[in-house]
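Chemist: With the input below, show me the fold.
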Amino acid sequence: MSLHSHSMNMQRNAQAEVEGLPIRLEPVAQEALPCHAQPVEACLSLLGSSLNGLSDEEAAARLQAQAKTQKPQKPTGAMAPQVFLGGLKKVVSLLFIGAAGLSFMMNKPAEGLLILVAMLANGGIQGLIQWKSMQNRSALPEHDDIRCSVRRNGKSQTVNASELVSGDILLIENGQVMPADARLISSYQIQADESLLTGESVLVPKNANETLHPLEDVTAQSNMLFAGTVVKTGKGEALITALGADTVMGKIASLAQTTEKRESPFTRKLNGLSVKIFLAVMLLTAMTAGVGYYRHMPVPQLVQLALMMGIAAFPETISGLASLVISLAVGRLNGKKVLVKHFQALETIGDVQVVCSDKTGTLTEN
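Modeler: This is a model prediction of the structure:
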């Protein structure tokens with residue numbers, strides 16, 4: 001029975017008491033309670049584990065089942081062909097194609113081929129710049145590289161974080177980066193850095209002997225350790241309750257992935273500048289075409305001349321140059337051990353004028 005059902009039962013019982021009816025109590029299933037609201041023995045029973053840990057066979061079976069239920073991760077970086085084709089999806093590419101088509105129609109294949117080569121070179125150079133800049137971006141340390149000590153078959157052994165399963169007994173020591181959410185089984189002076197979740201730089205004391213209210217907030221769950229946090233002091237043992245996307249940090253990450261992508265202020269300003277220059281170029285091109293028409297130039301030749309002028313004056317390299325400059329900035333930051341995953345982070349920070357903060361502990365220490 002869920003917590004919502006339990007709450008409904010309490011409401012019905014209260015109403016029955018007011019109306020003078022007999023009160024009917026319905027038991028709440030132990031499985032409905034989260035692990036922080038259950039004693040250690042109940043948590044072990046719920047996850048089919050024991051103080052000796054899982055057997056190797058059970059761990060292997062759970063790992064196989066876990067791999068089948070995991071959602072495939074989307075690739076984080078674009079491939080070189082995709083970036084190259086993206087460089088061709090520009091307004092100037094349409095102008096190139098139009099000019100090449102007119103050249104072929106006017107029986108000038110050499111000029112048409114040269115225009116197409118210029119189009120490929122233009123899009124390819126921009127795509128190459130962006131692809132190279134993507135290669136220069138720093139990647140955060142992979143979660144699977146973490147080595148963990150677990151108890152299986154009653155013996156301690158070291159495994160990769162990617163080999164952990166729900167129900168494993170994790171051996172905790174100071175300096176441990178938590179690879180999963182876990183319910184503490186035993187603890188000795190454990191304090192954790194949970195600033196990743198709470199924004200607070202103060203260490204949080206943990207106690208395995210506490211049993212908390214089911215609706216207790218994550219920040220107050222003193223008998224739990226969470227993925228991504230760091231155990232700063234103490235040692236103990238913990239029962240893994242959630243991994244990957246099912247952890248608290250995993251749920252936060254899934255929310256971040258569903259957010260709408262927006263253009264940065266820098267990109268909007270750059271696009272605005274390009275539009276203004278484009279309109280000015282089109283105006284000059286129209287004036288030139290008008291003068292040519294007044295002088296009775298052939299219409300196909302006049303249209304080709306107008307397209308050539310538009311191509312020559314169009315600021316198609318602005319975005320490529322901007323990407324190159326930001327790429328160089330990312331390279332310099334990498335040299336100073338600053339991790340940058342997305343260009344938009346730098347573009348947005350460059351437009352920030354005021355930073356509002358409630359305190360400085362997290363900003364200065366973490």
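
Chemist: alpha carbons only for contacts and neighbour counts from here, please
Modeler: OK.

Chemist: which stretches of the chain form helices?
Modeler: For the chain, the helices defined by DSSP state H occupy 3-19, 40-46, 56-69, 80-88, 91-105, 109-136, 195-198, 248-257, 265-294, 299-313, 318-335, 343-349, 361-365.

Chemist: which residues does L44 contact?
Modeler: By Cα atoms under 8 Å, 6 or more residues apart in numbering, L44 lies in contact with S50, L51, G167, L239.

Chemist: ok, 10 Å please
Modeler: By Cα atoms under 10 Å, 6 or more residues apart in numbering, the contact list for L44 reads 35, 38, 50-51, 53, 167-169, 183, 185, 239-241.

Chemist: Pipe those into CSV and attach distance to G228, pLDDT and neighbour count per row.
Modeler: Below are the contacts of L44 laid out as CSV (distance: Cα to Cα, whole Å; pLDDT from 0 to 100; neighbours: other Cα atoms under 10 Å):
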residue, distance to G228, pLDDT, neighbour count
C35, 19, 92, 25
Q38, 23, 92, 20
S50, 25, 92, 21
L51, 24, 92, 18
G53, 23, 91, 23
G167, 18, 93, 25
D168, 17, 94, 26
I169, 18, 95, 30
R183, 15, 95, 28
I185, 19, 95, 23
L239, 16, 95, 30
I240, 14, 95, 26
T241, 14, 94, 25
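
Chemist: Let me have those in a markdown table, extended by distance to R62.
Modeler: Shown next, in a markdown table, are these (distance: Cα to Cα, whole Å):
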| residue | distance to R62 |
| --- | --- |
| C35 | 19 |
| Q38 | 23 |
| S50 | 15 |
| L51 | 18 |
| G53 | 13 |
| G167 | 9 |
| D168 | 10 |
| I169 | 14 |
| R183 | 19 |
| I185 | 21 |
| L239 | 15 |
| I240 | 13 |
| T241 | 13 |
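
Chemist: Next step: these restricted to strands.
Modeler: Judged by DSSP state E, these include I169, R183, I185, L239, I240, T241 as members of strands.

Chemist: now the stretch 101-250 of the chain, which segments are flagged as low pLDDT?
Modeler: Scanning the stretch 101-250 of the chain for pLDDT under 70 picks out 102-103, 106, 119, 122-145.

Chemist: Mean pLDDT lowest where, among the helices of the chain?
Modeler: Mean pLDDT per stretch puts helix 3-19 lowest among these, at a mean of 44.

Chemist: Tell me the one of the ones in strands among the contacts of L44 nearest V303?
Modeler: T241 (69.3 Å; Cα to Cα).

Chemist: Would you agree that closest one is in contact with R183?
Modeler: Yes. In terms of Cα atoms under 10 Å, T241 counts as a neighbour of R183; the distance is 6.6 Å.

Chemist: Next, show the common contact partners of the two.
Modeler: P34, C35, C43, L44, I169, M224, L225, F226.

Chemist: my guess is the first one contacts V218, does it?
Modeler: Pointing back at P34 there. No. At 11.4 Å, P34 does not count as touching V218 under the criterion of Cα under 10 Å.

Chemist: of those two, who's got more company?
Modeler: P34 (17 against 14; other Cα atoms under 10 Å).

Chemist: I'd like to know how far the more buried one sits from A67.
Modeler: Separation of P34 from A67 (Cα to Cα, to the nearest Å): 24 Å.

Chemist: And K337, by the same measure?
Modeler: 34 Å.

Chemist: and the residue nearest to V303 when sequence neighbours are not counted, how many neighbours?
Modeler: Closest residue in space to V303, ignoring its immediate chain neighbours: A289 at 7.5 Å, by Cα to Cα, 6 or more residues apart in numbering. By the measure other Cα under 10 Å, the count of residues near A289 is 21.

Chemist: Just list the residues touching A289, thanks.
Modeler: Taking Cα under 10 Å, 6+ apart, one finds L283, R295, M297, V299, L302, V303, Q304, L305, A306, L307, M309 in contact with A289.

Chemist: L346 contacts V325, correct?
Modeler: No. Using Cα under 10 Å as the test, L346 is too far from V325 to be in contact (11.1 Å).
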